[in-house]
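*Asks:* 3D model of this:
(3 chains)
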Amino acid sequence: MSDKQPPKQIDRRYIFLVLLIGVTIPLIFPLGFKSEVSGLSKQVYKLVEETPANSTVIISFDYDPATVTELQPMAKALIEHAWRKNQKILALALWPQGVQMAEQAFADIIKKYPDKKYGIDYVNLGYKTGGIVTIQAMGRDFKEIFPTDLKGTPYDEIEILKNVRNYNQIGYIMSLSAGDPGLKQYVMAAHDMFKVKVSGGTTAVSTPGFMPYINDQHQLYGLLGGLKGAAEYESLIGVKGTATSGMDAQSIAHILIIIFIIMGNIRAYKMRKL
Amino acid sequence: MKRFLPLLITFIVGFIVISSEFIPHKPFNSINAGLENWFMIISGFAIILGQLSLIKVNSSKIINKTQNWQYYLAGMVSFFVMVLCGVLWGTQDAPGLLGNGTLVSSWLGVKPFEYLFNNIYQHLSSTMFALLAFFIASAAYRAFIMRSFESNLLMIAAVIVMLGRTSIGTSFTAWLPQGWRFLHLPNIADFIVSFPTNAAQRAIMISAALGIVGSSLRILLGIERSYLGGGE
Amino acid sequence: MSQFMTVFGVWLGAYFTFSIFSFLYKDNPFYKLAEQIFVGLSAGYWFIYTIYSILIPNLFGKLATDFHGNIMLLIPAVLGVMMLIRLIPKLEWISRYPIALVVGTSVGISMLRYTKSDILSQMTATMINPFAMETTVEMIGSIILILGTVFCIMYFYFSRKQEGILGVTSKIGIWFLMVSFGASFGYTVMARISLLIGRLQFLLGDWLHIIKP
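*Replies:* Numbering: from 1, shown residues only, chains lettered A, B, ... in the order given. Now for the predicted structure:
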């Protein structure tokens, strides 16, 4: 019988501590690594860039504070890009917390664009439940689904909505989505039924699941995936936001995870040898 | 009748919805439009039902003084405080029963409902999910072991994607000459995601959709009745 | 006063952040309390926004402004109340009617949309000509995409024993699935770490002012 002791498993709290330190240090002392922009983010950028000025576009805030780190920078970058192109934004939400996320995003960006007016350049239509059923209903009659905006102003009294009846008057839909309902439902109902251009951003967890929609039929016009996607879009529009500043910490964390995997495999190998 | 009539309603409504796709004329389109609006309103009531169920369940735990009943009491207090703030002073853009709460807003900087959301709810929600970062690190150490060819494939793909989707991975192979750029880590990661991953995800999507169509048909035809719940 | 409350709010956020993080050491009363407060606030938030964003504008508001023109809305209103009756165990059966309407609508729409978007469109998207691609990498990738999709679908065919040619193609399909799960794991790590980064950006930036938020 072998006298050798099996290698001890490291208490997971030490792993937590190492990860915490590993992620904190690059936030305080940035490393300055440069990242490249992927083709998927460039497709999203191209969609916004090539949509004519004065087009009315939809940004759907389908996420909650749990995923704000990944999706809020995307929202702010998309709002800024749309406003640079003089596009008019209809904000809505299929998640109730999305309403607040929209308000916060507009509050941040409007400081850079003080000439943008509520009701003329953008409007927050609020939250509606129903997922794909509601998205489909919007394609027939916007006013039926949104009789008022978030402030209670009737649909017909809102300047930006004067010529908007359904998706035919919409340039594109951007859905920032953390799950269901969200981007998938917009692809199914808005694009595949009503042929409106759909793109957006998702959390990194969901990104592989949306890859099949990037195809010749343009079910999706590109996709922003996770914090990296947000950082890529920020670099495309020339803004250094929270996503960009988080990428160094992301890099170090990934290296640490790989090190943990190697350590775990070394331990498993030693256990097998014993 | 208690079970038969709902099954009949499901079938008729589903039939109208499907028919309106192929016959987009009256009466199918107008009935379909009505159903879509009603769906949203009834879903709203369903959400209210969820909150009332929560109150019912937590109340019984508090009344019966089950284990940790004090925490459930804190939960109920939080619920009522949030609802009260929303009802009395409204949300950011909508007034409440007491108007827009100008005086309270001047003390807090924002309306009480916003204050609770911005300073408590938002942080609780974000931090709950941030815990997962630590657990995935622990799982990577304990469970991600290379045992077979398939697990090796999984590991290699994971490592390439983890490195390729970060800025540090870009710097590892940034020195490669133009002719060898297909071996650049971000490009390999993009290739893995765009092609083999895409293929597998597409197959999963098609297979899942076939399952959804099958189960939808079973529900429409009344074969699947679990949504009606138990009882007679 | 509002400035003090703003700073107090940041400290509240930091307190609740650490309450949740304390679970990493071990379960404790701070975590349990924060968890239940989260549940309560979340339920309250949903309640308020359901009333303000859906029931008031889409039901009560329409009935108040034009009752006769919107009289049909009384039907979903009654169905909604029937839904709420589910709370009374003896009358639970009444809620089956609105549930039936909701299920029928969503099932009908799901059948149509999933067939179009997730079956027909995906099959069409797989029928590409790899030899018409611009670069060699795209050509190889397209061949992998077509073969991978077919082999993975063959793996999911469980109605027949997976042996012979089906066994070989299923095995290759499993390899594609493993690569996909590996990539998904990589993305999952990215997502989870991002959430931690967000919290640290708040603590270091908004709370301690060590970094610029």
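
*Asks:* so how far is chain A from C:Pro196?
*Replies:* Just so we're on the same page, residue C:196 is Leu rather than Pro. Going from C:Leu196 to chain A by Cβ to the nearest Cβ, to the nearest Å gives 6 Å. Every residue, glycine included, has its C-beta placed from N, CA and C.

*Asks:* same deal with B:Ile168?
*Replies:* 4 Å.

*Asks:* Could you pick out the longest helix of chain A?
*Replies:* If you go by DSSP state H, chain A has its longest helix at helix A:242-273.

*Asks:* With chain C instead?
*Replies:* Every helix in chain C considered (DSSP H), the longest is helix C:165-201.

*Asks:* Flag every buried residue along that one.
*Replies:* Residues of helix C:165-201 classed as buried under the neighbour-count rule (16 or more other Cβ atoms under 10 Å in any protein chain shown) are C:169-170, C:172-201.

*Asks:* and chain B, which of those residues reach it?
*Replies:* Among the buried residues of helix C:165-201, proximity to chain B is found for C:173-190, C:192-193, C:195-196, C:198-199 (Cβ under 8 Å from any Cβ of the partner chain).

*Asks:* Helices of the stretch 101-250 of chain A, start to end?
*Replies:* A:132-140, A:142-145, A:183-185, A:192-194, A:207-210, A:226-236, A:242-273 (DSSP state H, counting those that start in this stretch).

*Asks:* Adding mean pLDDT and mean neighbour count, write those helices out as CSV.
*Replies:* Output for these, formatted as CSV (pLDDT from 0 to 100; neighbours: other Cβ atoms under 10 Å in any protein chain shown):
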stretch, mean pLDDT, mean neighbour count
helix A:132-140, 93, 24
helix A:142-145, 92, 19
helix A:183-185, 97, 27
helix A:192-194, 94, 20
helix A:207-210, 95, 24
helix A:226-236, 94, 27
helix A:242-273, 91, 20
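
*Asks:* export those helices to TSV and tack on distance to chain C?
*Replies:* Formatted as TSV, those follow (distance: least, Cβ to the nearest Cβ, whole Å):
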stretch	distance to chain C
helix A:132-140	6
helix A:142-145	8
helix A:183-185	8
helix A:192-194	5
helix A:207-210	5
helix A:226-236	4
helix A:242-273	4
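
*Asks:* nearest to B:Ser151, of those helices?
*Replies:* helix A:242-273 (10.3 Å; Cβ to Cβ).

*Asks:* any bit of the closest one sitting next to chain B?
*Replies:* Yes. Using Cβ under 8 Å from any Cβ, helix A:242-273 reaches chain B at A:247-248, A:250-258, A:260-261, A:263-265, A:268.

*Asks:* Equivalent analysis for stretch C:29-42, please.
*Replies:* Yes. Residues of stretch C:29-42 contacting chain B under Cβ under 8 Å from any Cβ: C:32-42.

*Asks:* Does chain A have contacts with that stretch?
*Replies:* No. Using Cβ under 8 Å from any Cβ, stretch C:29-42 stays clear of chain A, with a minimum separation of 8.7 Å.

*Asks:* any idea how far the longest helix of chain C is from the chain center?
*Replies:* 18 Å (Cα atoms, centre = their mean, to the nearest Å).

*Asks:* swap in stretch A:146-159?
*Replies:* Using Cα atoms, centre = their mean, the offset of stretch A:146-159 from its chain centre is 26 Å.

*Asks:* Need the distance between the two termini of that stretch.
*Replies:* One end of stretch A:146-159 to the other measures 14 Å (Cα to Cα, to the nearest Å).

*Asks:* quick one on the thing from earlier: pLDDT (mean, whole number) over the longest helix of chain C?
*Replies:* Averaging pLDDT along helix C:165-201 gives 94.

*Asks:* Please apply the same query to stretch B:46-58.
*Replies:* 93.

*Asks:* got the buried residues for it?
*Replies:* Those would be B:46-49, B:51, B:54-55, B:58, for stretch B:46-58 by 16+ other Cβ under 10 Å.

*Asks:* same deal with stretch B:96-115?
*Replies:* Those would be B:96, B:101, B:104-105, B:108-115, for stretch B:96-115 by 16+ other Cβ under 10 Å.

*Asks:* Could you work out the most separated pair of these?
*Replies:* Pairwise distances across those (Cβ to Cβ) peak at 17.4 Å, for the pair B:Gly96 and B:Gly109.

*Asks:* Would you map the helices across chain B?
*Replies:* B:4-22, B:28-63, B:69-89, B:102-108, B:112-116, B:122-142, B:149-164, B:167-172, B:185-192, B:198-220.

*Asks:* packing partners for the fourth one?
*Replies:* For helix B:102-108, the elements it packs on are helix C:2-21, judged by 3 or more Cβ pairs under 8 Å, 6 or more residues apart in numbering or on different chains; DSSP states H and E.

*Asks:* So which of the residues of stretch C:29-42 next to chain B are in helices?
*Replies:* Counted as lying in helices by DSSP H, out of these, are C:32-42.

*Asks:* In TSV: the residues you listed, plus pLDDT, distance to A:Pro147 and neighbour count.
*Replies:* Converted to TSV, these look like this (pLDDT from 0 to 100; distance: Cβ to Cβ, whole Å; neighbours: other Cβ atoms under 10 Å in any protein chain shown):
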residue	pLDDT	distance to A:Pro147	neighbour count
C:Lys32	95	42	17
C:Leu33	96	41	18
C:Ala34	96	38	27
C:Glu35	95	38	19
C:Gln36	95	36	22
C:Ile37	96	34	24
C:Phe38	96	32	22
C:Val39	95	32	20
C:Gly40	95	31	26
C:Leu41	96	28	23
C:Ser42	95	27	22
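
*Asks:* any low-confidence regions in chain C?
*Replies:* Confidence mapping of chain C against pLDDT under 70 gives the ranges C:213.

*Asks:* try it again with 90
*Replies:* C:1-3, C:25-26, C:70, C:89-92, C:133-135, C:158-163, C:211-213 (pLDDT under 90).

*Asks:* quick one on the thing from earlier: mind checking which of the helices of the stretch 101-250 of chain A is nearest B:Ile12?
*Replies:* In terms of Cβ to Cβ, the element of those nearest to B:Ile12 is helix A:132-140, at 16.8 Å.

*Asks:* what angle separates that closest one from helix B:28-63?
*Replies:* Comparing the axes of helix A:132-140 and helix B:28-63 via axes from the mean of the first three to the mean of the last three Cα atoms, to 10 degrees yields an angle of 140 degrees.

*Asks:* tell me the angle of helix A:132-140 relative to helix B:4-22?
*Replies:* Put simply, helix A:132-140 runs at 40 degrees to helix B:4-22, going by the same axes, to 10 degrees.

*Asks:* A:Thr207 against A:Gly225, yeah?
*Replies:* Yes. At 3.5 Å, A:Thr207 counts as touching A:Gly225 under the criterion of Cβ atoms under 8 Å.

*Asks:* and for those two, which residues touch both?
*Replies:* Shared contacts of A:Thr207 and A:Gly225 (Cβ atoms under 8 Å, 6 or more residues apart in numbering or on different chains): C:Tyr187.

*Asks:* Number of residues surrounding C:Ile85?
*Replies:* 15 (other Cβ atoms under 10 Å in any protein chain shown).

*Asks:* sorry, that was for C:Ile210
*Replies:* When neighbours are counted by other Cβ under 10 Å, C:Ile210 comes out with 11.

*Asks:* can you pull the contacts of it?
*Replies:* A:28, C:204.

*Asks:* for it, helix, strand, or coil?
*Replies:* Under the three-state scheme (DSSP: H, G, I helix; E, B strand; the rest coil), C:Ile210 adopts coil.
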